[in-house]
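Chemist: can you look at this prediction? I've put the sequence above it.
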Amino acid sequence: MSKPARQLRGTAARLGRLMPSQGANSAARTPFALLVVALLGGGLIALLVLNSALNAGSFKLSEYHRQTTERTDEQQALQRDVDDLSAPDALSRRAADLGMVPGGTPVFLGPDGTVKGVLASAGDASPAEAAEPTPLPLAQSPASARPKHHTPASQPRQPAKTSPTPAPGR
């Protein structure tokens, strides 16, 4: 068999106490090393998952940006079409195509029931269109001719009366 271990004395004993043998320490270091490796591996996997999620979000963001650009272009094209169709010359041309005629000068009713203006049928040249407009008197400027505030008389609107329509097939 083997010889029993000798006891160290003197300087060797002091050095032995400062630097213990590797057998007991290596068993204590193994769980710590495994814990550090597991933490590093888990961190790397978490970073990989986070990076993948960010890339997927980036692809969605670029797709939404492209869709926004397309819809903005479409909205601007539609707004141009509306502006073209609502121009005064286009409106008058479409009204003439539908058989409409200019209304002429307006006629107003005074509070006492008097008619102010010249009555004419639609399409006739009214006398006001043939005559030149009268200039404002010198004492009255266009700014002072405008009312300071205008409060229209509020009249409740009554709904139009409609007759019930029969259901199809009855």
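Modeler: Yep, that arrived. Numbering: from 1, shown residues only.

Chemist: mind listing the helices for this protein?
Modeler: 11-18, 22-85, 88-97, 127-130, 142-145 (DSSP state H).

Chemist: relative to helix 88-97, how tilted is the second one?
Modeler: This means helix 22-85. Here helix 22-85 runs at 60 degrees with respect to helix 88-97, directions being taken by axes from the mean of the first three to the mean of the last three C-alpha atoms, to 10 degrees.

Chemist: show me what helix 22-85 packs onto, helices and strands only.
Modeler: helix 88-97 (3 or more C-beta pairs under 8 Å, 6 or more residues apart in numbering; DSSP states H and E). Quick note: C-beta positions are derived from backbone N, CA and C, even for glycine.

Chemist: which residues of this structure score low on pLDDT?
Modeler: 1-6, 8, 19-27, 122-170 (pLDDT under 70).

Chemist: one step back: TSV please, covering the helices of the chain and showing distance to P106 and mean neighbour count.
Modeler: TSV is the format used below for these (distance: least, C-beta to C-beta, whole Å; neighbours: other C-beta atoms under 10 Å):
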stretch	distance to P106	mean neighbour count
helix 11-18	114	10
helix 22-85	26	10
helix 88-97	17	10
helix 127-130	10	12
helix 142-145	17	8
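
Chemist: can I get these in a markdown table with distance to V107?
Modeler: Shown next, in a markdown table, are the helices of the chain (distance: least, C-beta to C-beta, whole Å):
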| stretch | distance to V107 |
| --- | --- |
| helix 11-18 | 119 |
| helix 22-85 | 30 |
| helix 88-97 | 20 |
| helix 127-130 | 10 |
| helix 142-145 | 20 |
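
Chemist: and G113, which of the ones you listed is closest to it?
Modeler: In terms of C-beta to C-beta, the element of the helices of the chain nearest to G113 is helix 127-130, at 21.7 Å.

Chemist: nearest to L109, out of the helices of the chain?
Modeler: helix 127-130 (17.1 Å).

Chemist: run a quick neighbour tally on G104.
Modeler: 19 (other C-beta atoms under 10 Å).

Chemist: wait, it sits on L119?
Modeler: No. Between G104 and L119 there is no contact under C-beta atoms under 8 Å: 9.6 Å.
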